[in-house]
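Asks: After the sequence you'll find the predicted model.
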Amino acid sequence: MKVITGVVGNDIHVVANRLIDLSLRARGYEVFNLGVNTHLEEFFDAAVETGAEVLMISSLNGEAEGWGREVKLLKSRYRTLDDLLMMIGGNLVVGSGRTEDIVARYKNYGFDIVCHQVDLNTGLDMLAELLQERGLQ
Amino acid sequence: MSQENQKLLIDVGSTYFKISTLDSIEQHFRDFNKDILDDLMNKCGDTVSRFQKDDIYICSSANGGLSALIIGVTNSFSLKYATNIAFNSGINIIDTILYQNIEDYSVPSDIIDVVIIVGGVNSHGGLFSGALYSYLSQLNYSNIVFVGSEQDAPAISKEIEKVVVLPNIIDDRLHIVEQHLKEYLTNLYQQDIEGKEDIKHLYSITANQIFSTPYIVNRALPYISQKFPVADPFILLDIGGATTDIHYSKDLVEDNLTTENEYDRLVFKRLGVYKSRQSLILAAQGNEFVYELLTHLKVTEKIFIDQNEKATRILMQLAIFLVLCKTSHYGQAYVNLKLLSVNSIVFTGGITKVLAIEDIETIIAFFYRKILSSGHRPVAILDSNYDIWTLGAKV
């Protein structure tokens, strides 16, 4: 199972990115880590180049809100990414907000799994569950 | 008999050829009715005959470089990497095609020297299908190379006649691998030069490999301060008969992926002044600032139809302006150089025979004021005696 991961936007939280990379590998995923400061288009392009099944975006400084709005429009320009499982995690808003509202908003942006301030292992368990549900794992 | 420690250096350009010895440098307009060797021997036979074949070194830019069309599956990886490698191999990129939209692209009518197909990491396959083969069947090209996923290589080899398959330029971490494609393109360029019948004849007077002139110029750049008071960082513009080359140090770009050389090179095939005068004029007419520049130079657009020395001088000034535009944020070309950091601009090639330093300085000032809104003025340096070429040939 191939996973693209990276930190979206002008966000340099490299430690979190490294932990995600290591945790994914430990669970047997083939990881393509785009690192920090990654633009949305690069995530989708990487999925095309690798044939990845999962796109896992992290965001720690709250920038995801701005980028998230672009996801549906940008993804719709790609002809081969309809089945791509989209996941986002980290600190997804600036300031505070109700988790249910935040999750609903990001799902509306086009993400299948939204992990706002959820610990990494729990998030990866959620991914494994969804992959199983879809018969992908 | 050969003179000890002496070399004879010969550069065959599209308009001139230059020959240099330890004591002198000569240049002659080429006679296009004659074979290059005959022309050379007719004009410089006495000098050439003083040297043995081992001591004669020849380079040529007479063919103006190769043209390439790149087909890739994404902008961020395959197209970006192949474009970068092609530019740094001295190739003129005619167009890039995003494969998923290939049916929307028009087919270039010119013969393409090399088509590059790229896409996918080696663990992924099935990226290309009939749309690619259908497009290629309408295209005229001389060479075609596949540098994508090794899983797709067998199908590509089966469907595309004479395709050269090289190792993937994208590794398993989505990083660039430039070596193989760069070597292939550089060799293709070299073969193109050597393959010209005229150039082949030159091997009767030299026992050394004939190189491309841009390669020789690029080789001189680390040593340029031996000849000129150049302040780093600098760019070098070689504006000749058929093409304009720009050589720049890598610290002037943010997004350069190649690692081998300290200096990179871009080629603008349509900005030559002599052989492609019309394409230069067309490029100029498409630039919104050119008419203001013509006014600044106190001429009108009538200069485009004039055929005199003044018109050539103005066109060369326009070529400088256009190439600076192309490397700025305004030009939207392949790279944006950090032109505000440039301290020196070195000019070489045929342009140095036509323009005086003041002619160039006024263009640089106009460009920086108009396009970059800056009072910055890099120092213009004129290599009017082909010292850079001589230096590169001697390295």
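Replies: It's in.
Asks: mean confidence score for the helix or strand harbouring B:Gln190?
Replies: Here B:Gln190, judged by DSSP states H and E, is contained in helix B:179-195. For helix B:179-195, the mean pLDDT works out to 84.
Asks: any low-confidence regions in the stretch 201-350 of chain B?
Replies: Within the stretch 201-350 of chain B, the ranges that satisfy pLDDT under 70 run B:241-243, B:254-276, B:331-335.
Asks: one step back: just the residues contacting the helix holding B:Gln190, thanks.
Replies: B:60, B:62-63, B:65-66, B:68, B:82, B:85-86, B:88-91, B:113-114, B:116, B:143, B:145, B:147, B:164, B:166-167, B:169, B:199-200, B:210-212, B:215, B:258, B:260 (C-beta atoms under 8 Å, 6 or more residues apart in numbering or on different chains). In this view, the C-beta of every residue, glycine as well, is placed from N, C-alpha and C.
Asks: Buried ones among the residues you listed?
Replies: Applying 16 or more other C-beta atoms under 10 Å in any protein chain shown to those, the neighbour count classes B:60, B:62-63, B:65-66, B:68, B:82, B:85-86, B:88-91, B:113-114, B:116, B:143, B:145, B:147, B:166, B:169, B:199, B:210-212, B:215, B:258 as buried.
Asks: Only C-alpha atoms, please: export stretch B:210-225 in PDB.
Replies: What follows is stretch B:210-225, C-alpha atoms only, in PDB (Å, rounded to 0.1, in the frame of the first residue of the first chain):
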ATOM      1  CA  ILE B 210      35.100  18.600 -32.000                       C
ATOM      2  CA  PHE B 211      33.000  20.100 -29.100                       C
ATOM      3  CA  SER B 212      30.000  22.300 -29.000                       C
ATOM      4  CA  THR B 213      30.900  25.900 -28.400                       C
ATOM      5  CA  PRO B 214      28.500  26.400 -25.500                       C
ATOM      6  CA  TYR B 215      30.200  23.500 -23.700                       C
ATOM      7  CA  ILE B 216      33.500  25.200 -24.200                       C
ATOM      8  CA  VAL B 217      32.100  28.600 -23.000                       C
ATOM      9  CA  ASN B 218      30.600  26.900 -19.900                       C
ATOM     10  CA  ARG B 219      33.900  25.300 -19.200                       C
ATOM     11  CA  ALA B 220      35.600  28.700 -19.100                       C
ATOM     12  CA  LEU B 221      33.300  30.300 -16.500                       C
ATOM     13  CA  PRO B 222      35.000  29.200 -13.300                       C
ATOM     14  CA  TYR B 223      38.200  30.800 -14.600                       C
ATOM     15  CA  ILE B 224      36.600  33.900 -16.100                       C
ATOM     16  CA  SER B 225      38.200  36.200 -13.500                       C
END
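Asks: Show me what from chain A comes close to chain B.
Replies: Residues of chain A lying close to chain B (C-beta under 8 Å from any C-beta of the partner chain) are A:2, A:30, A:32-34, A:39, A:41-42, A:44-46, A:48-51, A:78-80.
Asks: just to revisit the earlier point, tell me which residues of the helix holding B:Gln190 come out buried.
Replies: In helix B:179-195, counting by 16+ other C-beta under 10 Å, buried: B:181-182, B:184-186, B:188-190, B:192-194.
Asks: now stretch B:165-179
Replies: Those would be B:165-166, B:168-170, B:174, B:176-178, for stretch B:165-179 by 16+ other C-beta under 10 Å.
Asks: ends of it, how far apart?
Replies: 14 Å (C-alpha to C-alpha, to the nearest Å).
Asks: One more: stretch B:329-346?
Replies: Rule used - C-alpha to C-alpha; the end-to-end distance of stretch B:329-346 is 21 Å.
Asks: try stretch B:112-130
Replies: Stretch B:112-130 end-to-end distance (C-alpha to C-alpha) = 21 Å.
Asks: Of all pairs in the buried residues of stretch B:165-179, which one is the farthest apart?
Replies: B:Val165 and B:Leu174 (20.4 Å; C-beta to C-beta).
Asks: contacting residues for B:Leu69?
Replies: B:93-97, B:108, B:112, B:114-116, B:139, B:141.
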